[in-house]
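**Student:** Predicted model follows, preceded by the sequence.
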Amino acid sequence: MIRPATMWRAFFSAIGIVLIILGLECLAIDSATFVAQPGEEGPGAQAFSGLLASAPAVSNRVFRPTEWFPWSLLAIGSIVVLYSISLRPQAAHA
């Protein structure tokens, strides 16, 4: 039987590891471009089916992490992993 404390430890470990990986990725990049699919309509796009209608403009989003952002992710992720390690396992119930 899996104890609840084990599940919390695994949950917080996973969250912390994901934050650490995202922080390392943000350290390695200058910018990231999120490309919208051609069929997707962005917010505020209006469907127009006139005779001279052109395809709606696809809006790409560019993410440029600031200098403090990756270090914050790394710090928060490390704290969460340390917290998950410090969780006490409960005594086994007979």
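**Tutor:** Okay, I see it.

**Student:** Just give me the neighbour total for the spatially closest residue to Val80 that is not a sequence neighbour.
**Tutor:** Leaving out its chain neighbours, the residue that sits closest to Val80 by CB to CB, 6 or more residues apart in numbering is Gly16, at 3.5 Å. In this view, the C-beta of every residue, glycine as well, is placed from N, C-alpha and C. Other residues near Gly16 come to 20 when the count uses other CB atoms under 10 Å.

**Student:** Point out the other elements, helices or strands, that the host helix or strand of Ile17 touches.
**Tutor:** In this structure, Ile17 sits in helix 4-28 according to DSSP states H and E. Secondary-structure packing of helix 4-28 (3 or more CB pairs under 8 Å, 6 or more residues apart in numbering; DSSP states H and E): helix 69-86.

**Student:** Outside of the helix it packs on itself, list whatever touches it.
**Tutor:** The contact list for helix 69-86 (CB atoms under 8 Å, 6 or more residues apart in numbering) reads 8-13, 15-27.

**Student:** Next secondary structure after the helix holding Ile17?
**Tutor:** Counting by DSSP H and E, what follows helix 4-28 is strand 32-34.

**Student:** Quick check: can you name the pairing partners of that next one and their directions?
**Tutor:** strand 61-63 (antiparallel) (DSSP bridges).

**Student:** what is the rounded mean pLDDT of the partner strand?
**Tutor:** The predicted model gives strand 61-63 an average pLDDT of 91.

**Student:** buried sites along that strand?
**Tutor:** Going by neighbour count (16 or more other CB atoms under 10 Å), nothing in strand 61-63 comes out as buried.

**Student:** neighbouring contacts of that strand?
**Tutor:** With CB under 8 Å, 6+ apart, strand 61-63 has contacts from 31-34, 36.
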